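# For reference, the sequence and a predicted model appear below.
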Amino acid sequence: MELDLENQFADRAYPILASLVTPRPIALITTLGPDGEINAAPFSFFNLLGASPPILAVAPGDRDDGTPKDTARNIRLSHEFVVNLVDETIAEAMNQCAASLPYGENELVHAGLHTSESSVIKPPRITEAPVSLECTEWGTLHIGDNRVVVGLVKRVHLRDELFDIETGRVRSDQLFLIGRMAAPHWYCRTRDRFEMIRPA
């Protein structure tokens, strides 16, 4: 079967692609508004793009009325944001942060999460997150109705038990992130893993 996303299925592109390209990592992004209010929102159109320099991208969409979501607006104003990764322990709290709250109402309070100061940027990180990436905006691409924010990763915060200081490696066997599956309500755990040695 072939699906034409330019014509016949153009209005179904999101649910089709979001159900096929899975699992997707989740960025629970914290930003600061112009009055210093904290905003937290999850995004699954997100991933790493490179390591030299370390960069990632997130694509915050617009509201139904076409106005930018708070995350996009705050990044545009301050050029700073934190990507907090989501594991099983904060999965439900992340979901609560997706609620449409009145402007200025703190999603983290609503979800029962707390903040810790970042090291080199103003937006705080989420204390309960297993990993937090402090980012500055490198630039934002506008492609049709898409907005793709490219961020430079300045600092990585992670739980002590997740990093082996002697080898300089993450103990990924102890990092139980969740992934986004089919739209609109499906997720997965990442405990079922297997190894394949890359051929020489």
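Perfect, thanks for sending it.

# can you map out the strands along this protein?
Remark: strands assigned in the chain by DSSP state E are 27-32, 38-43, 46-51, 54-58, 80-85, 115-116, 125-126, 131-143, 146-158, 163-164, 169-170, 178-180, 187-189.

# could these be laid out in a markdown table, adding distance to residue 98?
In short, each C-beta sits where N, CA and C put it, glycine included. Putting the strands of the chain into a markdown table (distance: least, C-beta to C-beta, whole Å) gives the following:
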| stretch | distance to residue 98 |
| --- | --- |
| strand 27-32 | 9 |
| strand 38-43 | 5 |
| strand 46-51 | 14 |
| strand 54-58 | 15 |
| strand 80-85 | 14 |
| strand 115-116 | 18 |
| strand 125-126 | 14 |
| strand 131-143 | 19 |
| strand 146-158 | 18 |
| strand 163-164 | 29 |
| strand 169-170 | 27 |
| strand 178-180 | 11 |
| strand 187-189 | 12 |
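
# Export these to TSV and append columns for mean neighbour count.
Conversion of the strands of the chain to TSV gives the following (neighbours: other C-beta atoms under 10 Å):
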stretch	mean neighbour count
strand 27-32	26
strand 38-43	22
strand 46-51	13
strand 54-58	18
strand 80-85	26
strand 115-116	16
strand 125-126	26
strand 131-143	17
strand 146-158	17
strand 163-164	14
strand 169-170	12
strand 178-180	19
strand 187-189	16
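
# Out of those strands, which is closest to residue 12?
Residue 12 lies closest, by C-beta to C-beta, to one member of those: strand 146-158, at 16.2 Å.

# packing partners for that closest one?
When contacts are defined as 3 or more C-beta pairs under 8 Å, 6 or more residues apart in numbering; DSSP states H and E, strand 146-158 sits against strand 54-58, helix 70-78, strand 80-85, strand 131-143.

# right, so of the strands of the chain, which gets closest to residue 13?
Judging the strands of the chain by C-beta to C-beta, what sits closest to residue 13 is strand 146-158, at 10.7 Å.

# Report the angle between that closest one and strand 80-85.
70 degrees (axes from the mean of the first three to the mean of the last three C-alpha atoms, to 10 degrees).

# Okay, now the sheet partners of strand 146-158, with direction.
With DSSP bridges as the test, strand 146-158 is paired with strand 54-58 (antiparallel), strand 131-143 (antiparallel).

# picking that back up, would JSON lines of the strands of the chain with distance to residue 196 and mean pLDDT be doable?
Below are the strands of the chain laid out as JSON lines (distance: least, C-beta to C-beta, whole Å; pLDDT from 0 to 100):
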{"stretch": "strand 27-32", "distance to residue 196": "27", "mean pLDDT": "98"}
{"stretch": "strand 38-43", "distance to residue 196": "29", "mean pLDDT": "96"}
{"stretch": "strand 46-51", "distance to residue 196": "20", "mean pLDDT": "98"}
{"stretch": "strand 54-58", "distance to residue 196": "25", "mean pLDDT": "98"}
{"stretch": "strand 80-85", "distance to residue 196": "24", "mean pLDDT": "98"}
{"stretch": "strand 115-116", "distance to residue 196": "37", "mean pLDDT": "98"}
{"stretch": "strand 125-126", "distance to residue 196": "33", "mean pLDDT": "98"}
{"stretch": "strand 131-143", "distance to residue 196": "24", "mean pLDDT": "97"}
{"stretch": "strand 146-158", "distance to residue 196": "25", "mean pLDDT": "97"}
{"stretch": "strand 163-164", "distance to residue 196": "22", "mean pLDDT": "98"}
{"stretch": "strand 169-170", "distance to residue 196": "18", "mean pLDDT": "98"}
{"stretch": "strand 178-180", "distance to residue 196": "19", "mean pLDDT": "98"}
{"stretch": "strand 187-189", "distance to residue 196": "19", "mean pLDDT": "98"}
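
# Please consider this matter closed, and thank you.
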